[in-house]
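Engineer: Sharing a sequence plus its predicted fold:
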Amino acid sequence: MTETTTRKAEMTMAQALNAALRDALREDERVLVFGEDVGPLGGVFRITDGLTAEFGEDRCFDTPLAEAGIVGLAVGMAMGGFRPVVEMQFDAFAYPAFEQIASHVAKMRNRTRGLLPLPMVIRIPYAGGVGGVEHHSDSSEAYYAHTPGLKVVTPATPDDAYWLLRDAVADPDPVVFMEPKRLYWSSGEVSPPDRRTAGIGRAAVRRAGTDATLVAYGPSVSVALEAAEAAEGEGRSLEVVDLRSIVPFDDETVVASVRKTGRCVVVQEAQGFAGVGAEIAARVQERCFHSLAAPVLRVSGFDIPYPPPKLERSHLPDADRVLDAVDRLQFDDEPDTRHLAQEEPAAADARLLPGGAMREAS
C-alpha cells in the first residue's frame with residue numbers, strides 16, 4: 001500500500017476497492033480501468049471516484065452500454081500487453097458478455113498453449129440486500145465458478161477487498177472479482193503490506209469454534225458470524241470459515257475445520273440448486289465422511305428469480321435460518337464410530353459371494 005493509502009487504516013469496502021485501483025494504476029502503467037460510468041462520475045457506487053481526474057481519460061474511461069463490447073475490448077487489450085480492469089456495473093448486466101467470458105477470456109491460455117495468458121479483471125457488484133430490483137441483485141458466482149480457466153474471488157471485509165483486488169490485477173490469468181454490494185459501506189481496517197492477508201486461493205477462519213463449521217463467502221460471511229454469535233448464547237461453539245476464493249478452492253482449510261468440529265453448514269445467498277454451496281457440500285462429504293456426525297446442510301436463497309425489494313428479506317438467508325440448520329445437525333445422536341474400531345478377525349475374513357451372499361469365515 002502506498003503512503004497515501006496507509007494514512008487511513010479504517011476504510012469502507014468501497015474506499016478499499018478505490019484505493020486498490022488507485023494504487024494499481026499508480027504502480028503499473030499497463031493497468032487500465034474502463035466500463036459504464038466509471039470515468040468522471042466514478043461509477044454507480046463511486047468505486048472509481050477520482051481516478052479519471054488523477055490518471056486521465058486514457059487510463060480510466062467510460063464505454064458505451066455494451067457489456068460484450070467491454071469484455072471483448074479487454075480481451076484484445078490483455079493480448080496486447082495491458083492489464084485491463086473492467087466493471088460490469090451490476091451482476092445481471094454481465095450476462096450479455098458471458099459468451100466473451102466463457103468462449104475467449106476463460107480459454108485463451110489453453111487455446112494458445114500458454115502463449116497468450118489474459119491478465120484481466122472483471123469486477124462485478126453482485127448479490128442483494130440493497131433494495132434492488134430484478135437484474136440488480138443476482139448471485140451469479142456459480143456461472144463463473146463452473147467455467148474452467150477463470151479465477152473467482154469475493155471479499156467479505158475491506159482488508160480482503162483491497163488485497164484480493166491488488167492480487168487480481170497482478171495475476172497472470174483472468175479473475176472474476178465478485179463484490180458484495182451490500183457490504184460496500186461496511187468498514188474495517190486495511191492491513192499494511194507487512195501484515196497483509198493471504199492471497200487468492202486461501203480461505204480464512206473468521207471465528208474459531210468446536211461444535212460445527214459454518215462455511216460462507218462474500219455477503220453470507222456476516223450472516224454466519226451473526227449466527228455464531230447468537231449460538232454462543234445457547235451454549236454452542238460455531239467456527240466460521242470465509243472462503244474468500246471460490247476458484248481456486250481451499251480444501252485444506254475447510255477440511256481441517258470440519259474434521260475438527262464434525263458438523264458443517266454451508267451458507268450462500270444464491271439459489272440452492274446446483275450452486276457453489278452444493279459443490280462445497282460434496283467436497284466436504286467426500287473428504288470428511290468418517291469425521292462427520294451429521295449430514296452436511298445448506299442454507300441458501302430460494303430457487304426463484306430474485307424477488308421485489310419488499311420481499312427480499314424473506315428470500316435472503318439470515319441468522320435464524322442458519323441456526324435452524326445448526327439445530328438439525330443431530331447433536332443428540334451419538335456418531336457411528338464403529339469404523340474406527342479394529343475389525344474382528346472373522347469379520348475381516350468374510351467375503352461377498354456372487355449374488356451378495358456372505359461367506360462365513362473359515
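Structural biologist: Nice, thanks for sending it over.
Engineer: Strands along the stretch 201-350 of the chain, start to end?
Structural biologist: Shown for the stretch 201-350 of the chain, the strands assigned by DSSP state E, counting those that start in this stretch span residues 204-207, 212-216, 238-242, 245-247, 264-271, 297-301.
Engineer: Mean neighbour count added to those, as CSV?
Structural biologist: Where you see a C-beta, it was placed from the backbone N, CA and C, and this is true even at glycine. Formatted as CSV, the strands of the stretch 201-350 of the chain follow (neighbours: other CB atoms under 10 Å):
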stretch, mean neighbour count
strand 204-207, 18
strand 212-216, 28
strand 238-242, 25
strand 245-247, 23
strand 264-271, 27
strand 297-301, 22
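Engineer: so where's the stretch 201-350 of the chain shaky on pLDDT?
Structural biologist: 334-350 (pLDDT under 70).
Engineer: For the closest residue to Val266 other than its chain neighbours, give me its contacts.
Structural biologist: The shortest distance from Val266 to any non-neighbouring residue, by CB to CB, 6 or more residues apart in numbering, is to Gly277 (4.3 Å). Gly277 is in contact with Val266, Val267, Gln268, Ala270, Arg298, Ser300, counting by CB atoms under 8 Å, 6 or more residues apart in numbering.
Engineer: Name the helix or strand for Ile122, please.
Structural biologist: strand 121-126 (DSSP states H and E).
Engineer: circling back to that earlier point, need the strands of the stretch 201-350 of the chain in CSV with distance to Trp185, can you?
Structural biologist: Putting the strands of the stretch 201-350 of the chain into CSV (distance: least, CB to CB, whole Å) gives the following:
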stretch, distance to Trp185
strand 204-207, 19
strand 212-216, 19
strand 238-242, 19
strand 245-247, 23
strand 264-271, 17
strand 297-301, 22
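Engineer: nearest to Gly72, of these?
Structural biologist: Among those, strand 245-247 comes nearest to Gly72, with 22.5 Å by CB to CB.
Engineer: in its sheet, what does the closest one sit against?
Structural biologist: According to DSSP bridges, strand 245-247 forms sheet pairs with strand 151-153 (antiparallel).
Engineer: which other helices and strands contact the longest helix anywhere in the chain?
Structural biologist: Ordering each helix of the chain by length in residues (DSSP state H) puts helix 13-27 first. Judged by 3 or more CB pairs under 8 Å, 6 or more residues apart in numbering; DSSP states H and E, the packing partners of helix 13-27 are helix 3-6, strand 31-35, helix 51-55, helix 158-170.
Engineer: Now it - C-alpha only, PDB.
Structural biologist: The C-alpha coordinates for helix 13-27 follow below in PDB (Å, rounded to 0.1, in the frame of the first residue of the first chain):
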ATOM      1  CA  MET A  13     -15.100  -1.600   1.400                       C
ATOM      2  CA  ALA A  14     -15.900   0.900  -1.300                       C
ATOM      3  CA  GLN A  15     -12.900   3.000  -0.200                       C
ATOM      4  CA  ALA A  16     -10.700   0.000   0.000                       C
ATOM      5  CA  LEU A  17     -11.600  -1.000  -3.600                       C
ATOM      6  CA  ASN A  18     -11.000   2.500  -4.800                       C
ATOM      7  CA  ALA A  19      -7.600   2.600  -3.000                       C
ATOM      8  CA  ALA A  20      -6.600  -0.700  -4.600                       C
ATOM      9  CA  LEU A  21      -7.400   0.500  -8.100                       C
ATOM     10  CA  ARG A  22      -5.700   3.800  -7.400                       C
ATOM     11  CA  ASP A  23      -2.500   2.100  -6.200                       C
ATOM     12  CA  ALA A  24      -2.500  -0.400  -9.100                       C
ATOM     13  CA  LEU A  25      -2.900   2.400 -11.600                       C
ATOM     14  CA  ARG A  26      -0.100   4.400  -9.900                       C
ATOM     15  CA  GLU A  27       2.300   1.400  -9.800                       C
END
